[in-house]
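Student: coordinates only, sequence not included:
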Ligand SMILES: O=C(O)C(=O)C[C@]1(C(=O)O)C=C[C@@H](O)C=C1
């Protein structure tokens, strides 16, 4: 079985994919859209992508691409502790305070913004497609005054030194990853269902449209634990809504009824599916 992940090797998504799949051939893609696109186009059956972090919230690139450009099912979710490290070349001669550039994925930079403001006020902050790409760039750079922010695994993979450990803004930092597939039947049926995720849009001229849609869940006692609005990319002020629902398998008929009710109100629903949540202990 082949599984796509956001690479190169050493990224948080790489570790998440290794945790989830003990016996798969892991294939690295250079960006989140490239990873989702490969699954959507049937190049590879399964992919692993980050969807939400404790500090920085939703990974918009993932959500937007899944909503606008793909039609995939979530097979499962993995929640993993995330600890950010400041990584530099081992043989460098430059002090921390003299750093000129710091590279990382925007999520990792955002998770470490208090550290960057306090310790690296002079450094240019440069976004990369993954933390592991940032580490690789630092390892290959001839400039000693550059650093990357990323996981411990990147230090090992690219032979970099951890100059400062655990630099994220809060210690109990976690990221949710979704296991996505172009084949919904690849979900492991022996795992219990814990959550469902779906997106919907409502007609513009319906007063209280969002409240009506949410009522479809609340009167059925379906427990929403997240709602997020994102631009529909049509006109300013038009949105789609993502909701996560905590539920058990016996509530699936109620969920189907709630989605029917939204459609009856003139809304459109895009289902991502029902899935089990794996939690990696740590921090
Ligand atoms: O760049 C990486 O290492 C990733 O796997 C991406 C990603 C993310 O997009 O959220 C994954 C987990 C962390 O929250 C930081 C970065």
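Tutor: Here it is on my side, so go on. Source: prediction; values computed, not measured.
Student: Within range of the ligand, give me the residues from this structure.
Tutor: Within reach of the ligand by Cβ under 6 Å from any ligand atom, the chain has these residues: 6, 11-13, 50, 53, 59, 82, 105, 107-108, 130-132, 150, 175. Where C-beta positions appear, they are placed from N, C-alpha and C, glycine not excepted.
Student: Please name the nearest non-neighbouring residue to residue 113.
Tutor: Nearest residue to residue 113 in three dimensions, chain neighbours excluded: residue 169, at 6.6 Å (Cβ to Cβ, 6 or more residues apart in numbering).
Student: Quickly find the element holding that neighbour.
Tutor: Using DSSP states H and E, residue 169 falls within no helix or strand.
Student: Could you check how many residues crowd around it?
Tutor: By other Cβ atoms under 10 Å, 15 other residues sit near residue 169.
Student: remind me, longest strand of this structure?
Tutor: Selection of the longest strand in the chain by residue count, based on DSSP state E, yields strand 268-279.
Student: Now do that one: which elements does it pack against?
Tutor: Packing partners of strand 268-279 (3 or more Cβ pairs under 8 Å, 6 or more residues apart in numbering; DSSP states H and E): strand 73-81, strand 195-201, helix 252-264.
Student: Make a markdown table from the ones you listed and add mean pLDDT to it.
Tutor: Below are the helices and strands packed on strand 268-279 laid out as a markdown table (pLDDT from 0 to 100):
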| stretch | mean pLDDT |
| --- | --- |
| strand 73-81 | 98 |
| strand 195-201 | 98 |
| helix 252-264 | 98 |
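Student: now do the same end-to-end measure for stretch 199-212.
Tutor: Start-to-end span of stretch 199-212 (Cα to Cα, to the nearest Å) is 15 Å.
Student: And the contacts of that stretch?
Tutor: Stretch 199-212 has contacts (Cβ atoms under 8 Å, 6 or more residues apart in numbering) with 67, 213, 232, 238-243, 259, 262, 265-270, 272.
Student: Go through it and flag the buried ones.
Tutor: Neighbour counts using 16 or more other Cβ atoms under 10 Å place 199, 200, 201, 202, 209, 212 of stretch 199-212 among the buried residues.
Student: how far away is the first one from the ligand?
Tutor: In this structure, residue 199 and the ligand are separated by 19 Å, where distance is defined by Cβ to the nearest ligand atom, to the nearest Å.
Student: For that residue, list each beta-bridge partner.
Tutor: residue 242, residue 270 (DSSP bridges).
Student: Next, the most centrally placed residue in the chain: secondary structure please.
Tutor: Nearest to the mean C-alpha position of the chain, by Cα atoms, centre = their mean, lies residue 50 at 1.8 Å. With DSSP: H, G, I helix; E, B strand; the rest coil as the basis, residue 50 sits in strand.
Student: Perfect, that will be all.
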